[in-house]
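Novice: generate coordinates for the sequence data below:
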Amino acid sequence: TCRCIWAVANEACKSEDTLLANLADGAADAGAAAAATTASGAPGLTVATDFAATGVTAPERDGTAAVDGESFASAQAAIDAAEPGDTVVLDGRFDERVNASVDDLRIVAGEDGAVIDGGGEGRVLTVAGDNVTVSGVWIRGSGSDLGTEDAGVFVAGDRARIESVRITDTAYGIWIDSADRAVIENVRIDGRRDVYPVTDRGNGIHLFETNGTVIRDSEIAHTRDGIYFSWATNVLAEGNTIRHTRYGVHYMYSDDNRLVDNVAADNGVGYALMVSEGLTVRNNTALRSNGTSGHGILAKDIEDSTIAGNHLVANRNGLYLYNAQGNRLVGNLIYRNEIGIHSAAESNNAVVAGNSFVRNDRAAKTARNSLVEWNGTDRGNYWSGARVVDRDGDGVSEIRHRPIGVVENLVADHPQAAAFANSPAFEAVRMAESSFPVIETPGVVDRHPLVEPNHDWRAYEPTGSGTSGSDTGGEATRAANRTADTEDTP
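Specialist: As a prediction, this is how the structure comes out:
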């Protein structure tokens, strides 16, 4: 039997030229149609909007600011009169730019709400004092100069707290400037939709040389990048939803950060991890990344990081690795992408295991002429469509899987050959590659593929048994991300 399989496989390899000649005589259209299949048929869940800072209003009547029993017609005047530890209560509309340089100050909206409008010039609110809290205020109308960091809120003092704040019509939403341990929570930032190209907009939240900052339960849309990290360390970004940006989250030169339970939908790229190390990227969702590259997660020049338990759904590339070294890629669902995982520039990762590659148009892609062995443990990954044999019932196949081999490389070079990708001859080639380790062609090898997936992807199906349609608070999206315990995934 083995000799027969080898003979058929060998004959199939020899017949490549004949197949291509036949394709040129009339089968090219069928091959092109097969190759053109994309992941657009998996729209997934509708991502919730308008959940952050829902109680914030923008009254149009003239404003009154109160502090220590005294009233002022100007927010700045009230802040200038305040002492450390005071609370400034704002009611109504304030057409001014404000600088809060008093330490331990609280700036809060009154019962009827408060709005600070910068009139389209400079920074609207500058937080220069330490331990300043801003709560419940609507901030809008900054200048448009990205070079001078025109922002809704510009934070230069340590331990600032920006909570339940809404920011609209600003270049940058919030800029943290060499200030540590800020907390940004329940904030909604809507960028300038009328500014094109998107790269001419500012970032939603821009972190520059900050340590220990927390960004939690916030919503960002229509900015350049949703959250941008530059020389930022020990930052936790958790439970945020980011839509319609260039990059949902963008790391540059930022080590030892945590990105947990976020949703990035309909962005150019979901999460761009670049030139950083020691990152923990866990239990996030990247949905419908639709830019030119369209990565769910881009990991470029990333080292010693963990990418675990994430759901990468209906992107152009689920996970793109470029010179990524020594990382743990475990327990991720990579579902209905055009390419599941693309490894380039000799990316060598410590562990790639427990991932579920399901219904991707192309499961994996690597640099040509390289052989990549993915897993590094006794348990590999699940690949939909893989041929598995589990005689001992341990959930691991006794035969290896080649998501990229002779057939896949042939189709990549000659897309018209896709019409024959499931022919008996090509199936024999795949069987031979899985059964005989002596056949080592460029591509990907998983020596211990899983028999069953670790994930339930039905919530992402428009007619599946999981939740579809509205997704209040993004909870159904996060609930679908159900890897049992990614810390313990091999």
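Novice: doesn't Val108 belong to a strand?
Specialist: Yes. According to DSSP: H, G, I helix; E, B strand; the rest coil, Val108 belongs to a strand.
Novice: what's opposite it in the beta bridge?
Specialist: Legend: beta-bridge partners of Val108 under DSSP bridges are Val89, Ser135.
Novice: so it touches Val132, yeah?
Specialist: No. Taking contacts as C-beta atoms under 8 Å, Val108 lies outside contact range of Val132: 11.4 Å. Using the backbone N, CA and C atoms, a C-beta is placed for each residue, glycine as well.
Novice: of these two, who's got more company?
Specialist: Higher neighbour count among Val108 and Val132: Val132, with 25 against 16, using other C-beta atoms under 10 Å.
Novice: so how far is Asn186 from that one?
Specialist: Applying C-beta to C-beta, to the nearest Å, the value for Val132 to Asn186 is 17 Å.
Novice: same question, Gly248
Specialist: According to C-beta to C-beta, Gly248 stands 19 Å off from Asn186.
Novice: ok, the two, which is more surrounded?
Specialist: In this view Gly248 and Asn186 are compared by other C-beta under 10 Å, and Gly248 has more residues nearby, 34 against 22.
Novice: which helix or which strand is home to the spatially closest residue to the more buried one that is not a sequence neighbour?
Specialist: Among residues not flanking Gly248 along the chain, Ala264 sits closest, at 3.2 Å (C-beta to C-beta, 6 or more residues apart in numbering). Assigned by DSSP states H and E, Ala264 falls within strand 263-265.
Novice: now do the helices in the stretch 301-450 of the chain.
Specialist: 406-413, 424-435 (DSSP state H, counting those that start in this stretch).
Novice: if you average pLDDT over each of the ones you listed, which is lowest?
Specialist: Mean pLDDT is lowest for helix 406-413 out of these, coming in at a mean of 49.
Novice: so what's Gly326 up against?
Specialist: The neighbours of Gly326, taking C-beta atoms under 8 Å, 6 or more residues apart in numbering as the test, are Glu303, Asp304, Asn348, Asn349, Ala350.
Novice: from those, which two are the most distant?
Specialist: The widest separation within the contacts of Gly326, taken as C-beta to C-beta, falls between Asp304 and Asn348 and amounts to 12.0 Å.
Novice: got any residues that touch both of those two?
Specialist: Gln325, Gly326.
Novice: more neighbours: the two, which one.
Specialist: Taking other C-beta under 10 Å, Asp304 and Asn348 do not tie; Asp304 has more neighbours (15 against 12).
Novice: how much space between the more buried one and Val351?
Specialist: Note on Asp304: its distance to Val351, by C-beta to C-beta, is 12 Å.
Novice: likewise for Ala264?
Specialist: From Ala264 across to Val351, the span is 24 Å (C-beta to C-beta).
Novice: try Gly122
Specialist: Gly122 sits 49 Å away from Val351, going by C-beta to C-beta.
Novice: got it, and Asp177?
Specialist: 38 Å.
Novice: where in the stretch 251-400 of the chain is pLDDT low?
Specialist: Within the stretch 251-400 of the chain, the segments meeting pLDDT under 70 span 368-371, 375-376.
Novice: repeat the analysis, applying 80 as the threshold.
Specialist: Counting by pLDDT under 80, the ranges of the stretch 251-400 of the chain that qualify are 345-346, 350, 367-377.
Novice: for the residue nearest to Gly248, what are its contacts?
Specialist: Per C-beta under 8 Å, 6+ apart, neighbours of Ala264: 226, 241-243, 248-249, 270-271, 284-287, 289.
Novice: going along the chain, name the strands of the stretch 301-450 of the chain.
Specialist: All strands of the stretch 301-450 of the chain, identified by DSSP state E, counting those that start in this stretch, fall at 306-308, 311-313, 317-322, 328-330, 333-335, 339-344, 351-353, 356-358, 362-366, 371-373, 382-383, 401-404, 443-446.
Novice: redo the ones you listed as CSV? Include distance to Asp62 and mean neighbour count.
Specialist: Output for those, formatted as CSV (distance: least, C-beta to C-beta, whole Å; neighbours: other C-beta atoms under 10 Å):
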stretch, distance to Asp62, mean neighbour count
strand 306-308, 52, 25
strand 311-313, 49, 29
strand 317-322, 53, 27
strand 328-330, 57, 26
strand 333-335, 53, 29
strand 339-344, 57, 24
strand 351-353, 61, 23
strand 356-358, 58, 24
strand 362-366, 61, 23
strand 371-373, 66, 15
strand 382-383, 63, 25
strand 401-404, 66, 25
strand 443-446, 66, 24
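Novice: now distance to Asp256 too, for the ones you listed, in TSV please.
Specialist: Shown next, in TSV, are those (distance: least, C-beta to C-beta, whole Å):
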stretch	distance to Asp256
strand 306-308	12
strand 311-313	23
strand 317-322	20
strand 328-330	15
strand 333-335	26
strand 339-344	24
strand 351-353	20
strand 356-358	28
strand 362-366	29
strand 371-373	28
strand 382-383	31
strand 401-404	33
strand 443-446	30
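Novice: who wins for proximity to Ser164 among those strands?
Specialist: Among those, strand 311-313 comes nearest to Ser164, with 28.5 Å by C-beta to C-beta.
Novice: elements contacting that closest one?
Specialist: Secondary-structure packing of strand 311-313 (3 or more C-beta pairs under 8 Å, 6 or more residues apart in numbering; DSSP states H and E): strand 285-287, strand 295-303, strand 333-335.
Novice: want to throw the ones you listed into CSV with distance to Ala367?
Specialist: CSV is the format used below for these (distance: least, C-beta to C-beta, whole Å):
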stretch, distance to Ala367
strand 285-287, 23
strand 295-303, 14
strand 333-335, 19
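Novice: any idea which of the contacts of Gly326 is closest to Asn327?
Specialist: Using C-beta to C-beta, these come closest to Asn327 at Asn349, 4.6 Å.
Novice: show me the contacts for that closest one.
Specialist: Residues near Asn349 by C-beta under 8 Å, 6+ apart: Leu321, Ala324, Gln325, Gly326, Asn327, Arg328, Leu329, Trp374.
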